[in-house]
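Novice: Here is my input, please return the structure:
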Amino acid sequence: MIDIENNELVEDFKKYLMLERRYSDNTVESYIRDVRMFLISLGKDVDDISKGDIEDYILEILPTLDSSSINRKIASIKSFFKYLCNFRGFVNVAEGIESLKRKQRLPKYLTIEEVDRLLNIKLKSAFDYRNKAMLELLYATGLRASELINLDTTNLDLFNMTLKVHGKGNKERIVPVSKMAIKYLALYLAEYRSKLFVKKKKACDKLFLNNHGCGLTRQGLYKILKELSVNAGIDKDITPHVLRHSFATHLIECGADIRSVQELLGHENAETTEVYTHLANNFVAESYNKYFNRNKNGDEVNV
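Specialist: Down below sits the predicted model:
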C-alpha cells in the first residue's frame with residue numbers, strides 16, 4: 001500500500017495533469033497507474049527515494065516488459081518527480097534517468113542480384129519501355145513515390161544528367177541521374193512516350209503516363225511494381241520505398257558518406273539517413289560506377 005503522504009502527492013500530481021497539463025483521461029490514468037506501481041514496488045516514502053532506487057526498479061521490470069512500455073513508465077516517473085521538484089520543493093532524483101534506446105527497425109531492401117532481376121524487363125511495348133525507364137530512374141535516384149509521379153518532362157535534363165525534384169514541403173533539390181537511367185529515359189521520351197497519348201485528348205506534361213494518357217497515379221505505380229516483381233520471381237513486397245532503401249543501402253555499401261546520401265534522398269537531417277549504416281562497408285567506392293553505369297549483355301551506354 002502507498003502511505004498517506006505518498007497518496008496525497010500522487011493525487012496532487014493527478015490534479016496537475018488534469019487541470020494544468022490538460023491531458024486526456026486515458027493519459028492521466030496511465031501516468032498515475034505507473035507512478036502508483038512504482039511507489040508500491042519500492043515501499044518507501046517519496047522523500048526517501050533515490051536515483052539508484054529508480055534505476056533498480058527499471059532493471060527489475062526489464063525482463064517483463066517491452067521497451068516501449070518501459071519507456072512509458074520512465075516518462076511517468078520522471079514527470080512525477082519533475083512536478084514534485086517544481087511545485088513541492090523536492091529534489092528531482094529522476095533527473096538524468098534516460099529512456100531505453102529502441103531497436104530501430106531496419107528498412108527492407110533488395111540485393112543487387114534482385115535489383116538486376118527486377119530491372120531485366122523484356123522490352124516489347126511502349127509500356128515496357130516506360131516501366132524500364134521508370135524503374136531505372138527510381139533505383140538510380142531513390143525518389144519517393146510522390147516525387148516520381150509528380151515529375152514533368154521539364155524536370156529532366158538529359159544533357160546534364162540531372163533531375164529537378166520537389167520533395168517534402170515542396171523543397172527543391174537537384175539529383176544526378178546515372179547513365180543507364182538516362183539512356184532509357186532518352187529512348188522512352190524520343191520513341192515511346194508519345195505512343196501513350198490518347199487520341200482527341202490533350203497531351204499530358206507528366207513524365208510517366210498511364211494507359212489513359214494521363215500522369216501515372218500512386219496506385220498505378222504500386223500495381224506496376226507488384227506485377228514486375230512477380231514476373232521477376234522476387235518473393236518480396238516491392239514498393240517505391242523499398243527501391244529507395246535499396247538505392248541508399250547500395251550507396252553506403254559502395255562507400256558513399258552519410259552526408260551525400262542525405263542530400264540525394266532529401267532528408268532533413270542526417271539521423272534519418274544513419275539507419276543505412278547497419279551495412280558492412282564491404283564494397284569499394286568504384287563499385288558504384290561499375291554497377292550503376294553497368295554494361296551488361298553487350299548493352300552499351302552512349303547518350
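Novice: Identify the residues contacting the residue lying closest to Asp47 once chain neighbours are set aside.
Specialist: Leaving aside its chain neighbours, Asp47 sits nearest to Phe90 (6.5 Å; criterion: CB to CB, 6 or more residues apart in numbering). Just so you know, the C-beta spots here come from the backbone N, C-alpha and C atoms, and that holds for glycine as well. With contact set as CB atoms under 8 Å, 6 or more residues apart in numbering, Phe90 has these partners: 46-47, 81, 84.
Novice: would you turn the residues you listed into TSV with pLDDT and secondary structure?
Specialist: TSV is the format used below for the contacts of Phe90 (pLDDT from 0 to 100; DSSP: H, G, I helix; E, B strand; the rest coil):
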residue	pLDDT	secondary structure
Val46	92	helix
Asp47	89	helix
Phe81	96	helix
Leu84	95	helix
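Novice: rewinding a little: where's the residue nearest to Asp47, which helix or strand?
Specialist: Using DSSP states H and E, Phe90 sits within no helix or strand.
Novice: buried subset of the contacts of Phe90?
Specialist: 46, 81, 84 (16 or more other CB atoms under 10 Å).
Novice: Now do the second one against Ser24, distance only.
Specialist: With distances taken as CB to CB, to the nearest Å, Phe81 is found 22 Å from Ser24.
Novice: same deal with Lys73?
Specialist: 18 Å.
Novice: The stretch 101-250 of the chain: strands as residue ranges?
Specialist: 156-157, 162-166, 172-176 (DSSP state E, counting those that start in this stretch).
Novice: now those as JSON lines including distance to Lys202?
Specialist: Converted to JSON lines, these look like this (distance: least, CB to CB, whole Å):
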{"stretch": "strand 156-157", "distance to Lys202": "21"}
{"stretch": "strand 162-166", "distance to Lys202": "23"}
{"stretch": "strand 172-176", "distance to Lys202": "27"}
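Novice: pLDDT below threshold where in this structure?
Specialist: The model of the chain has pLDDT under 70 over residues 1-2, 102-107, 269-303.
Novice: Show me where it has its helices.
Specialist: Listed in chain order, the helices of the chain (DSSP state H) span 4-15, 25-42, 51-61, 67-88, 112-119, 126-141, 145-149, 179-187, 218-231, 240-253, 258-265, 270-273, 287-292.
Novice: CA-only coordinates of the third one in PDB, if you can.
Specialist: When you say that, I think you mean helix 51-61. What follows is helix 51-61, C-alpha atoms only, in PDB (Å, rounded to 0.1, in the frame of the first residue of the first chain):
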ATOM      1  CA  LYS A  51      18.100   7.900  -8.300                       C
ATOM      2  CA  GLY A  52      19.500   4.500  -7.600                       C
ATOM      3  CA  ASP A  53      16.100   3.300  -6.500                       C
ATOM      4  CA  ILE A  54      14.600   4.300  -9.800                       C
ATOM      5  CA  GLU A  55      17.400   2.600 -11.700                       C
ATOM      6  CA  ASP A  56      17.000  -0.600  -9.700                       C
ATOM      7  CA  TYR A  57      13.200  -0.500 -10.400                       C
ATOM      8  CA  ILE A  58      13.900  -0.200 -14.200                       C
ATOM      9  CA  LEU A  59      16.300  -3.100 -14.000                       C
ATOM     10  CA  GLU A  60      13.700  -5.100 -12.200                       C
ATOM     11  CA  ILE A  61      11.000  -4.600 -14.800                       C
END
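Novice: residue contacts, the closest residue to Lys201 other than its chain neighbours?
Specialist: Spatial nearest neighbour of Lys201, excluding adjacent residues (CB to CB, 6+ apart): Gly213 at 5.3 Å. Applying CB under 8 Å, 6+ apart, we find Gly213 in contact with 196-198, 201, 203-204.
Novice: Can you tell me which of those residues has the most neighbours?
Specialist: Leu196 (22 neighbours; other CB atoms under 10 Å).
Novice: need the contact list for the residue nearest to that one when sequence neighbours are not counted.
Specialist: Nearest non-adjacent residue to Leu196, counting by CB to CB, 6+ apart: Leu209, 4.2 Å away. By CB under 8 Å, 6+ apart, Leu209 lies in contact with 130, 193, 196-197, 215-216.
Novice: Widest-spaced pair of those?
Specialist: Phe197 and Leu216 (14.0 Å; CB to CB).
Novice: As a markdown table, the strands of the stretch 101-250 of the chain with mean neighbour count would be great.
Specialist: Output for the strands of the stretch 101-250 of the chain, formatted as a markdown table (neighbours: other CB atoms under 10 Å):
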| stretch | mean neighbour count |
| --- | --- |
| strand 156-157 | 17 |
| strand 162-166 | 18 |
| strand 172-176 | 14 |
